[in-house]
Structure formats: C-alpha cells, structure tokens
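Enquirer: quick one, structure for this:
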Amino acid sequence: MLVLGFPVGPLQANCYVLARGEGEPCVVVDPGQDAAEPLRTQLRERRLTPAAVLLTHGHFDHVFSAGEICAEHGIPAHIHPADRYMLTDPGAALGPAGRQLFGDGVAFEAPADVREIAGGDVLELAGLRFEVTHTPGHTGGSVLFGVEAEEGGRLLLSGDTLFAGAIGRTDLPGGDHGRMLKSLSTEVLPLDDDIVVLPGHGPTTTIGRERAGNPFLQDLPAPDALS
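Expert: Next up is the predicted model:
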C-alpha cells in the first residue's frame, strides 16, 4: 500500500494520497490550500489516477483545493452532511475573528459532485476499503476514515479530531467540547493501540501512544456521563 502525506497552506494541514501501489487509482484526503500543485507532482511521479476525494471535515484548510481537483479529474468529493455547507460558505465556520483574519482568502471552487457520508458507511474506492466513523466535536460533521493495509496493520485518518499530543479546537462555529469528549471516549479510546494515526496537522502517531501520553485523553468521563 502506498501512503503519501504532505502539509499544505499557511495552516500546514496534511493532505494524504492512498493507493494500492504506484501506477494505480488513488484516493486524495483533505486537499487544502495550495494542495493542487504538489498533488499533481505526486500523481505524475507515482503514475496515480485519483478516483475520489475524501474530506474529514469542512474547514477551508482541508477542503480548499477539493473543487479544483475534482473538476480536473471528474471525480466526486465525499463529506458528512453536517459540514457540507462549508463547501459553499467557508466563512460561516470561521467566526468573526477568523473572517477578519482571512478575509476573502477562503473563497474557493466547490466540488460539482458532492456525496454525503455517514458514520458506519464503508466506501470501496481505488481498491481500498474506508470505514467511516462520525466524531462530532471539532465540527458537527467531523469523521475518521479507517483503512486496512494489504500488508497488515490499520491506518486512521483522523482529521482534526485527534493529533499527536493534542485534539482539535472546539471554539469555532459548529464546535462542541462536550461532543468532542464523547467522540474521543466512545470512538477513539476503544481503538487498538497499534493503529497508525494520520492526523490533519502535525506528525504521525499511534492510538497506543496517544492513549498513554495525550493529556486530552486522560481521565475522560465515561460515555454515559457525557450524554
């Protein structure tokens, strides 16, 4: 299995490309600001053909180039319905301070073909099997994508739900700290320690490493206390 990752844009969001190998169809995850050109380079050098774009959530630093990539290759973008509005109104999720900071810099082309996904869905794309888990908190439509490597092992594309040593912020419109804690408690903590986490920002980690050392995962309330 081929897994490529590179940070893009001023906020250094991670864009990922997954395929069974070079010269194969691939899936692009979270093509954010300034992702189009480095993505084209990776596709050309590895002889990859995009089959779909997957979006872990709707924030502009993760979806900015999705419309351009989808139009260029005639492919759909997949996103949870709770975050779909951000594809056409990205400023709505920034809040007053964010809109003042970024201004018109968040305007982009929305994908023409948008397909809604939900927790529990399984997407068969480019010869890979992606399992969708809904983890509201950072945004209402945040999701995880789990995928098994043919060689063994499992990857988790966590978006801005889980980072190495941290979690996503919940103070922007659509964020909810209580829902984030519940998502972490019910959907992240039960996962196997050896799962490799590919986060939306920062370095790769594992569930076991985060369970042991991430301060935001320590002493989480029981799920029933968070309902």
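
Enquirer: run the chain-centre distance for the host helix or strand of residue 115.
Expert: Residue 115 is part of strand 114-116, with elements assigned from DSSP states H and E. Here the centre of strand 114-116 is set off from its chain's centre by 15 Å, with CA atoms, centre = their mean, to the nearest Å.

Enquirer: that strand pairs with which strands?
Expert: Strand pairing for strand 114-116, using DSSP bridges, gives strand 77-79 (parallel).

Enquirer: check which residues of stretch 144-159 are buried.
Expert: 144-147, 155-159 (16 or more other CB atoms under 10 Å). No exception for glycine: its C-beta is placed from N, CA and C like everyone else's.

Enquirer: what's the mean pLDDT across it?
Expert: Mean per-residue pLDDT for stretch 144-159: 92.

Enquirer: which stretches of the protein have low pLDDT?
Expert: Scanning the chain for pLDDT under 70 picks out 96-105, 222-227.

Enquirer: which residue is nearest the middle of it?
Expert: residue 56 (2.8 Å; CA atoms, centre = their mean).

Enquirer: with residue 188 as the reference, measure out to the closest residue to it other than its chain neighbours.
Expert: Distances taken as CB to CB, 6 or more residues apart in numbering place residue 159 nearest to residue 56, at 2.7 Å, with adjacent residues excluded. According to CB to CB, to the nearest Å, residue 159 stands 12 Å off from residue 188.

Enquirer: a helix runs through residue 208, doesn't it?
Expert: Yes - counting by DSSP: H, G, I helix; E, B strand; the rest coil, one finds residue 208 located in a helix.
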